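> Have a look; sequence and predicted model below, questions after that.
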Amino acid sequence: MKSASDIVIEYDSQEGPLSEIDVYSRLESIAKDKDNISNFDEKTFRSELIAFAFDENYSWDRWRDEGWKTYFGPLAVMSTQEYGSDSAMIFPHISEVTSETIDYWSDRANKSTHPVIKVRYLSLIWDFYKYAKNANPPVKVPQELIDTVIIMAQQRKHKYEIDELNKLKHALKISLSINDQKRVNAVKDEILAYDRNVVKGDMAAEAWSVPFDHLLVNKKISLSEEEINEILSRLEVRFDRLSVCKGGGIQSLLPIKHAVDRLAKYYNRKSMKEELKAALRKYFDAVYKKVELGSPIQQCAWLDEAMKFAKKYNMADEVNQITLKLQEASSNLHKDMQPISVSLPVDINKIDQCINSMVDGDIHECLRRLAFCQVTPVKYIEDMVKNLARECVFVYNISIPITDHDGRRVAVIGPVREDLRGHTYWQAGKNLMLNIGFGAHRRVTSEIFKKHSVDAEVLLKHICLSPLFLENKKEILKEGLHAYLKEMPTSAVHILVPQVEAALRTLLELQGQPTYKQNKNGGYNLRLLDDILRDGAVVGVLGEDVCFHFRTLFTDQRGLCLRHNCCHGLSGSNSYTMGIADLVFQALLMLSDIREKSEDSVA
């Protein structure tokens, strides 16, 4: 069997195009049979293997501390913790690149003839030289690298068009970093020639956008008027072709969006108002045509992207038109969704034991236990989200739109690495709904009421032990509790939710904190529930876990948002179940546990 260096030399001698992954795949196959290779050189094998394993143009977004801050990154990372943590399994690792490795790659670069092989070795030397040798690479390394990339692109020696373009972009960056104007111009000319002669497909936006993104808008690149017009003209022609509705309709809006985004930025910067409006209207027309053929979920996604452009460039008429179309698409959104059911084994004996422990004792003891039984520490929910993100990588690394009962998007949760808080609210809301579906808390509540013959007067007396519930609110509170005991959840929720807000406002007053906020008409509005729950004085009494629970339950649109939906009439007739009413009742019980310690403080 051939050695690692023999395999690379074999590829190096090829005349046609090749890819680094081809070389890596052959090298990897050696590892399985290395025991059958005489005089197997582990160091040489490892130097060649990692040379073609490192991932080019690597994104370090998911890594802590920006990773290695290099152009190349690992091919594979397996980690149960944060990317880059000590427990992560990383291949290949930067620690494998030593001074001896750099010397080996330098020798191979000098002997290589195929541009793809030579570019790979030179790129690695340029990227890792400082790390391995604690010195800057020789001047000839970047020069030879840039020149070889140009030869590779001219002779089409790489298998994949996008890889050649990525290497040209890298060569341009290196040329600028070493302030080599001759090579900057040479790479620029090759990028323009490549777009002119090679990039043909209109759908490959990542390829045809290179001249615009890396030349036209790059202030460090000097372009002639002719070159500017060529880049702009080619982009405009592509945009026109893409936005024309052919026999089968608009094929894809994504490349159209890529084109109009660049053209709009350029026209806006150059104050070309008519060209800007014409390009945007052409884009909007393409969106409207595409919407006619899409499902409600697709329609909402396409219209939402169009809305961003309409708002960004102050096109009020289009904003109104898109809004109307979004309303229509959103109203049909739930028709696209299918219910999913999951069965879980349940130990009935353990549930019975838990319920018996909850109903033990007098009514006040039972109600105090019931009050906090659904409050989960924020840290616990955050850890749950992180664990789920490791198991369900795709779902937790995309943006997730949150819609209301009518399909209207009310919030967007970003990827978990950017929006852990948003995912925590979302998970907390799902946990509450799962608890409702499970039914144990409903059963506990019923058992307590049955054992202690509870009526509205009994509950009112317990709740009003707290100074947060004022005398003039007792009759309203009693009416809500009566509806709750009669299992009229819609009435109970609509009456009791405002009483929770009123009680929390009283908590602010008792601590000497303002409950007013000045409005734009010169008067004063009462501070609303979400603002109250974020006040340090309230958090200091209730604790962050309880305040987070209240925000999830009442005010945050990534949670249940009961207060908003209730007070603005956004929920349907089937929205309020006894499980929801239980959560509101438990919120009252939590507040009833607060007692006045002295005239000017609350415990």
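Cool, got the structure. Numbers count the residues shown, from 1 in each chain.
> ranges for the strands of the chain?
Counting by DSSP state E, the chain has strands at residues 76-78, 89-91, 400-403, 409-413, 516-518, 524-526, 596-598, 601-602.
> Dump the ones you listed to CSV, plus mean neighbour count and distance to C464.
Any C-beta I mention is one placed from the backbone N, CA and C, and that applies to glycine too. As requested, the strands of the chain are arranged in CSV below (neighbours: other C-beta atoms under 10 Å; distance: least, C-beta to C-beta, whole Å):
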stretch, mean neighbour count, distance to C464
strand 76-78, 12, 57
strand 89-91, 15, 59
strand 400-403, 17, 37
strand 409-413, 17, 35
strand 516-518, 10, 25
strand 524-526, 12, 22
strand 596-598, 10, 13
strand 601-602, 14, 16
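> so which of the ones you listed gets nearest I30?
With respect to I30, and counting by C-beta to C-beta, the nearest of the strands of the chain is strand 89-91 at 15.6 Å.
> Report the mean confidence score over that closest one.
Summarised as a single mean, pLDDT over strand 89-91 is 89.
> Alpha carbons only: can I get the lengthiest helix in the chain in PDB?
For the chain, the longest helix by residue count, based on DSSP state H, is helix 489-510. Provided in PDB are the C-alpha atoms of helix 489-510 (Å, rounded to 0.1, in the frame of the first residue of the first chain):
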ATOM      1  CA  PRO A 489     -62.100  29.900  33.600                       C
ATOM      2  CA  THR A 490     -62.800  32.700  31.000                       C
ATOM      3  CA  SER A 491     -64.600  34.900  33.500                       C
ATOM      4  CA  ALA A 492     -62.100  34.000  36.300                       C
ATOM      5  CA  VAL A 493     -59.100  34.900  34.200                       C
ATOM      6  CA  HIS A 494     -60.500  38.200  32.900                       C
ATOM      7  CA  ILE A 495     -61.400  39.300  36.500                       C
ATOM      8  CA  LEU A 496     -58.300  38.100  38.300                       C
ATOM      9  CA  VAL A 497     -55.500  39.000  36.000                       C
ATOM     10  CA  PRO A 498     -56.000  42.800  36.500                       C
ATOM     11  CA  GLN A 499     -56.100  42.100  40.300                       C
ATOM     12  CA  VAL A 500     -52.600  40.600  40.100                       C
ATOM     13  CA  GLU A 501     -51.400  43.800  38.400                       C
ATOM     14  CA  ALA A 502     -53.100  46.000  40.900                       C
ATOM     15  CA  ALA A 503     -51.600  44.000  43.800                       C
ATOM     16  CA  LEU A 504     -48.100  44.400  42.300                       C
ATOM     17  CA  ARG A 505     -48.600  48.100  41.900                       C
ATOM     18  CA  THR A 506     -49.600  48.300  45.600                       C
ATOM     19  CA  LEU A 507     -46.300  46.500  46.400                       C
ATOM     20  CA  LEU A 508     -44.400  49.400  44.600                       C
ATOM     21  CA  GLU A 509     -46.400  52.000  46.600                       C
ATOM     22  CA  LEU A 510     -45.700  50.200  49.900                       C
END
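> helices and strands around it, which ones?
helix 474-485, helix 529-533, helix 536-542, helix 562-567, helix 578-592 (3 or more C-beta pairs under 8 Å, 6 or more residues apart in numbering; DSSP states H and E).
> Switch these over to JSON lines; also include mean neighbour count.
Compiled in JSON lines, the helices and strands packed on helix 489-510 are given as follows (neighbours: other C-beta atoms under 10 Å):
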{"stretch": "helix 474-485", "mean neighbour count": "18"}
{"stretch": "helix 529-533", "mean neighbour count": "19"}
{"stretch": "helix 536-542", "mean neighbour count": "16"}
{"stretch": "helix 562-567", "mean neighbour count": "20"}
{"stretch": "helix 578-592", "mean neighbour count": "22"}
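> possible to save the ones you listed as JSON lines with distance to A186?
Shown next, in JSON lines, are those (distance: least, C-beta to C-beta, whole Å):
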{"stretch": "helix 474-485", "distance to A186": "78"}
{"stretch": "helix 529-533", "distance to A186": "59"}
{"stretch": "helix 536-542", "distance to A186": "61"}
{"stretch": "helix 562-567", "distance to A186": "60"}
{"stretch": "helix 578-592", "distance to A186": "68"}
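> Pick out the shakiest of these, pLDDT-wise.
Mean pLDDT, when computed for each of those, is lowest for helix 562-567, at a mean of 92.
> What is it packed up against?
With contacts taken as 3+ C-beta pairs under 8 Å, 6+ apart, helix 562-567 sits against helix 489-510, helix 578-592.
> what residues does it touch?
404-405, 493-494, 497-498, 501, 529-530, 553-555, 557, 570-571, 575, 580, 583-584 (C-beta atoms under 8 Å, 6 or more residues apart in numbering).
> ok, back up a step: tell me which of the helices and strands packed on helix 562-567 sits nearest to Y425.
helix 578-592 (15.1 Å).
> what separates the closest one from the chain centre, distance-wise?
Offset of helix 578-592 from its chain centre (C-alpha atoms, centre = their mean, to the nearest Å): 33 Å.
> Quickly, which of the strands of the chain bottoms out on average pLDDT?
strand 601-602 (a mean of 46).
> one step back: for the strands of the chain, give me JSON lines that also has distance to Y425.
Formatted as JSON lines, the strands of the chain follow (distance: least, C-beta to C-beta, whole Å):
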{"stretch": "strand 76-78", "distance to Y425": "29"}
{"stretch": "strand 89-91", "distance to Y425": "32"}
{"stretch": "strand 400-403", "distance to Y425": "10"}
{"stretch": "strand 409-413", "distance to Y425": "8"}
{"stretch": "strand 516-518", "distance to Y425": "24"}
{"stretch": "strand 524-526", "distance to Y425": "24"}
{"stretch": "strand 596-598", "distance to Y425": "32"}
{"stretch": "strand 601-602", "distance to Y425": "27"}
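> Among those, which comes closest to K32?
Going by C-beta to C-beta, the one of these nearest K32 is strand 89-91, 15.7 Å.
> Parallel or antiparallel, which strands does that closest one pair with?
strand 76-78 (antiparallel) (DSSP bridges).
> Run the chain-centre distance for the strand it pairs with.
20 Å.
> Taking the centroid of the chain, which residue is nearest it?
P415 (1.8 Å; C-alpha atoms, centre = their mean).
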